[in-house]
Every structure is written in structure tokens, then in C-alpha cells.
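> Coordinates for the following, if possible.
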Amino acid sequence: MKAAIKREDLDSHQLSWLCIEPMLLSVRGQDLAAKREVYLQLNEGQQALYLFYSYHNHTRSLAEFYWFSAYHIMDLQSWNGIRKGMQFFQLDGMVRILDDIEALIADAKKSGETWQEVSPTDLDHDPQLRERTERVYAAYQEVSQKGIMAMNEWVRHHQDTVVEMKEEV
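Below you'll find the predicted structure:
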């Protein structure tokens, strides 16, 4: 399964997203089984992009970053796949940030001796959690942008396995 792109898209800073966008959009709003079916049709590099962007595209605000991190870790259980994908691209800095995010969520979920649900409003009620999340989020934003540049470069070097060129009309 390959994404069709224009030749000039090879120079785009969104290249890695363009390579996986059709697959992610095709399963938007569908159940996990449908998403998994598409995922399993992808090669290893595409799977890494698929999991990364399924997460990354939901990190546009602090609350979204916090909640979607928890969602991927606890409910979707895709966190190890995201980590494995970053290892595939040899993005050690991203792997470290993912570990920091996981520790943040584990600490937020544990309240004394009981486990609690994670909610975006946690940040409004816990100044220390908000501050810690802001630090991790800032680091994530920086490292993820560098990671995207590396993923774009990987696509350029492996374009025959992930893209096909659209015919110009």
C-alpha cells in the first residue's frame, strides 16, 4: 500500500505525513479492528509512521497532548508500537521523550494508593502536574519536529517502498 504524491512533495516538510495520510484518513472514525487491518497491510516504516502520526496529530495543545498520551498508553496500548517505530528511525531522543511521557502519565494516574482515570482537566486542578506536563510537552514539540525531518529523509531514501508518483496532467 503506497500513497500517491506529486514529485514536488518530495521536498515538502510534510512528506512523511503525506505518505501515511491516506491510510489514516481511510480509517478515521472506524473501530480498532479496521484500523488494525490497515496497519497490518503496511511495511515496517509505514507502520512506524502510522502509529506516530495517529498520536502526533492529536498533540496540538497541552490538554490534548496529556489526554491523548494517556489514551495511547492505557486504552489503545499502542505506546510500545510508537516507541518501536521511533527506534526503527533511530530517533533515540524521541524514545527518551516517550519514556518521559509514559512516566508522567503513570505518575498522574496514581493517586496515593489508588488508580484514577486521566482527564484533560487534571492539568487545571494540579499546578505541579501542569508544570511538569508543560516541560515534557515543550521537549516533545522540539524533538518531534527534528524527528519529522528525519522521517522525511527516510522517506526520500526509501520512496520506492512508500510512495508512487501521481501522473501530472
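
> So for the residue lying closest to S144 once chain neighbours are set aside, what pLDDT did the model give?
Once flanking residues are discounted, S144 sits nearest to H56: 6.2 Å by Cβ to Cβ, 6 or more residues apart in numbering. The way it works is simple: take the backbone N, C-alpha and C, and place the C-beta from them, glycine included. You'll see H56 listed with a pLDDT of 96.

> Let me know whether H56 touches Q141 as I believe.
No - look at H56 against Q141 with Cβ atoms under 8 Å: they stay out of range, at 10.2 Å.

> Looking at those two, which one has more neighbours?
H56 (19 against 12; other Cβ atoms under 10 Å).

> Quick one: name whatever helix or strand follows the helix or strand of the chain with the lowest mean pLDDT.
Of all helical and strand segments in the chain, the minimum by mean pLDDT, DSSP states H and E falls on strand 114-115, at a mean of 48. As assigned by DSSP states H and E, the chain's next helix or strand after strand 114-115 is helix 122-125.

> I'd like the average pLDDT over the longest helix seen in the chain.
Longest among the helix segments of the chain by residue count, using DSSP state H, is helix 127-157. Summarised as a single mean, pLDDT over helix 127-157 is 96.

> Off-centre distance for that helix?
10 Å (Cα atoms, centre = their mean, to the nearest Å).
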